[in-house]
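Asker: here's a sequence, model it:
(one chain, ligands or ions: 1)
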Amino acid sequence: MTVVFVRLPLMSILSDLSERVPGRTFGPGSPEYDGGRTVFYGPGDPEAVIRPTTTAEVAAAVRAAIEANQPISVRSGGHGSMPTTEGILIDLSAINEIAVHDGALVTVGAGAHWGDVATALAPHGLGISSGDTLSVGVGGLALGGGIGWQVRTHGLTVDLVREIEVVTADGAVVTASAESHPDLFWALRGGGGNFGIATRFTLQASPVDGMVGGHVSFDQSEVGAVLRAWRDITVSSPDELNSTLVVMPALMPEMPAGPQLAVALQGTEDELRRLLEPLLSLPSVTDVSLGPVQYGELLEEGPPGRPPFRFVGGNGFVPDVSDELLAAAERASASEVPTMVMLRALGGAFSRVAPDATPIAFRDAQAFFIVNRLMPADTTDEQAAAVQAELDGALRFTSGRYSNFTDTFGDAVLETIYPPETLARLRRVKAEVDPGDVFRPPHHLTPA
Ligand SMILES: Cc1cc2nc3c(=O)[nH]c(=O)nc-3n(C[C@H](O)[C@H](O)[C@H](O)COP(=O)(O)OP(=O)(O)OC[C@H]3O[C@@H](n4cnc5c(N)ncnc54)[C@H](O)[C@@H]3O)c2cc1C
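Answerer: Numbers count the residues shown, from 1 in each chain. Have a look, this model is predicted:
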């Protein structure tokens with residue numbers, strides 16, 4: 001039976017929740033409420049924020065929210081969720097401990113940030129491939145995918161997860177792994193927040209000694225040649241080379257337009273320069289900054305919030321980085337309206353995971369592609385649709401989308417994120433573990 005949420009008066013919700021989760025329930029006007037409700041996409045206005053510090057408190061919060069007939073939203077690092085506009089927001093930011101075990105296994109609280117994880121693992125000479133941004137949270141990224149600085153070397157973050165502690169829709173606590181609750185474990189590694197609240201993840205870390213990396217910048221004079229040289233390097237290089245190529249529009253005077261390569265290799269600087277030679281020898285190179293790096297230095301401070309544009313475009317996995325795709329990307333980036341094109345190298349370990357091993361099925365991808373036109377905030381739907389049709393000319397070379405970079409929602413979008421058999425399996429797991437459809441994240445999967 002599906003749970004039907006009915007709005008109750010705020011004071012009665014707050015006093016009831018405060019009794020159920022004492023000391024951890026915050027209403028409008030408190031700094032804890034403001035901290036919880038404000039995410040990358042802006043501030044929301046939930047009825048209350050609950051900030052548990054233990055798994056038992058998360059379970060109590062789930063039971064209390066259900067009994068108060070309130071929809072539940074969950075945030076870990078706040079970089080993926082839409083602002084919560086109703087119900088109870090369970091903010092996991094206080095569940096953020098990081099513990100290193102034998103065999104380079106690491107348990108992290110869902111509310112930790114990946115920058116904190118990198119810092120905590122550095123003295124052990126370890127790292128976990130996650131993303132490229134310090135302040136992104138463990139929970140959202142590790143339930144959605146995780147395209148990080150060692151994706152070609154070790155796979156997605158979801159491929160490194162060994163165990164997940166989850167609070168389910170009935171307020172029970174289970175540990176999902178390949179051996180225990182295997183269907184739930186499968187679904188959680190790419191199916192997002194549809195199946196429960198993940199409180200802790202145990203992941204396989206890897207040695208990150210001997211890394212080199214940095215940046216190479218180019219002017220705009222030969223974007224096509226840069227794209228093609230990057231592709232040729234990417235498809236022929238060892239798994240230890242990871243890179244992202246962004247063709248940036250001129251947004252600010254201090255950020256010149258043109259391709260920018262960010263790169264990391266576990267190896268020597270000589271080897272890195274040899275691998276990158278076809279790019280480094282291009283006449284449009286304006287700046288080269290390569291040398292030894294710590295894994296954590298590869299993660300950067302992201303923008304404080306979503307820039308005030310209407311983003312039109314999309315993303316997708318690219319099975320073949322063809323000349324046609326690159327020509328379409330070059331055309332898109334040449335628009336007078338600022339347009340950002342990004343290519344991230346995949347293949348390697350990412351592609352050695354079977355398509356049905358996790359919900360992220362497009363494992364034959366050589367690269368991940370994003371194209372976004374930065375339209376004025378007041379762009380109409382009609383104008384956006386015309387631009388979308390143009391950019392679809394480049395996106396047609398992709399298959400499948402990455403949920404964590406997709407901020408349009410609904411069944412039609414889910415059908416682009418998951419192939420039909422994956423989507424059907426996700427809905428079956430949803431029906432098993434959350435038959436009342438208590439958890440309704442932005443990419444909401446209804447039960448089968
Ligand atoms: C600046 C920036 C840089 C990024 N860089 C990368 C990158 O390099 N690689 C990459 O792969 N992705 C990247 N992302 C995308 C990122 O993976 C997603 O936005 C991810 O959802 C963020 O996780 P979070 O915990 O910070 O987000 P949150 O907003 O806290 O969570 C997002 C959603 O996940 C669900 N959720 C979160 N935590 C839990 C939990 N513990 N239990 C159940 N459900 C939960 C909820 O439904 C929530 O709405 C980036 C995003 C931004 C904004």
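Asker: could you use CA atoms for every contact and neighbour count after this?
Answerer: Will do.
Asker: what number of residues lie near residue 308?
Answerer: By other CA atoms under 10 Å, 12 other residues sit near residue 308.
Asker: now do the contacts for it.
Answerer: Residue 308 makes contact with 376-377, according to CA atoms under 8 Å, 6 or more residues apart in numbering.
Asker: how far away is it from residue 255?
Answerer: From residue 308 across to residue 255, the span is 17 Å (CA to CA, to the nearest Å).
Asker: ok, residue 288 next?
Answerer: For residue 288, the distance to residue 255 equals 15 Å [CA to CA].
Asker: what about the two, which has more around it?
Answerer: Taking other CA under 10 Å, residue 288 and residue 255 do not tie; residue 288 has more neighbours (13 against 10).
Asker: host element of the more buried one?
Answerer: In the assignment (DSSP states H and E), residue 288 maps to strand 285-293.
Asker: show me which residues of the protein sit near the ligand.
Answerer: On the criterion CA under 6 Å from any ligand atom, the ligand has as its neighbours in the chain the residues 74-81, 110, 131-133, 136-141, 145-148, 192-193, 196-199, 302-303, 404-405, 441-442.
Asker: which of these are buried?
Answerer: Using 16 or more other CA atoms under 10 Å as the burial test, the residues of the chain next to the ligand include 74-81, 110, 131-133, 136-141, 145-148, 192-193, 196-199, 404, 441-442 as buried.
Asker: so which residues of the stretch 1-150 of the chain form strands?
Answerer: 25-26, 38-39, 42-43, 48-50, 72-75, 88-91, 98-100, 105-109, 126-127 (DSSP state E, counting those that start in this stretch).
Asker: how distant is the longest one from the center of its chain?
Answerer: How far strand 105-109 lies from its chain's middle: 18 Å, per CA atoms, centre = their mean, to the nearest Å.
Asker: what does that strand contact?
Answerer: 95-101, 117, 138-139, 199-205.
Asker: report the buried members of the residues you listed.
Answerer: Among the contacts of strand 105-109, those buried by neighbour count (16+ other CA under 10 Å) are 95-98, 100, 117, 138-139, 199-205.
Asker: between those, which sits nearest the ligand?
Answerer: Ranked by distance to the ligand (CA to the nearest ligand atom), the buried ones among the contacts of strand 105-109 are led by residue 139 at 3.7 Å.
Asker: might you report the residue contacts of that closest one?
Answerer: Each residue near residue 139 by CA under 8 Å, 6+ apart is listed here: 75-77, 109-112, 198-199.
Asker: low-scoring stretches of the protein, by residue?
Answerer: Within the chain, the segments meeting pLDDT under 70 span 1-11, 252-254.
Asker: what's the domain layout of it?
Answerer: Following automatic domain parsing, the chain resolves into domains at 10-94, 98-207, 211-405.
Asker: point out the most buried one among those domains.
Answerer: With neighbours defined as mean count of other CA atoms under 10 Å, these peak in mean count at domain 98-207, which reaches a mean of 22.
Asker: then the host helix or strand of residue 412 to PDB, C-alphas only?
Answerer: Here residue 412 sits within helix 411-417, counting by DSSP H and E. The C-alpha coordinates for helix 411-417 follow below in PDB (Å, rounded to 0.1, in the frame of the first residue of the first chain):
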ATOM      1  CA  ASP A 411       9.800   8.500 -16.100                       C
ATOM      2  CA  ALA A 412      11.000   9.500 -19.600                       C
ATOM      3  CA  VAL A 413      14.300  10.700 -18.000                       C
ATOM      4  CA  LEU A 414      14.600   7.400 -16.000                       C
ATOM      5  CA  GLU A 415      14.300   5.600 -19.300                       C
ATOM      6  CA  THR A 416      17.400   7.400 -20.600                       C
ATOM      7  CA  ILE A 417      19.400   6.700 -17.400                       C
END
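Asker: any idea how far it is from the chain center?
Answerer: Distance of helix 411-417 from the chain centroid (CA atoms, centre = their mean) equals 17 Å.
Asker: quick check: phi and psi on the residue in the stretch 251-400 of the chain that the ligand sits nearest to?
Answerer: Residue nearest to the ligand within the stretch 251-400 of the chain (CA to the nearest ligand atom): residue 302, separated by 4.6 Å. The phi/psi pair for residue 302 (degrees, to the nearest 10) reads phi -80, psi 180.
Asker: now do the contacts for the spatially closest residue to it that is not a sequence neighbour.
Answerer: Nearest residue to residue 302 in three dimensions, chain neighbours excluded: residue 133, at 5.7 Å (CA to CA, 6 or more residues apart in numbering). Contact analysis of residue 133 by CA under 8 Å, 6+ apart lists 114-115, 299-302.
Asker: and with 6 Å instead?
Answerer: Residue 133 makes contacts with 299-302, as judged by CA atoms under 6 Å, 6 or more residues apart in numbering.
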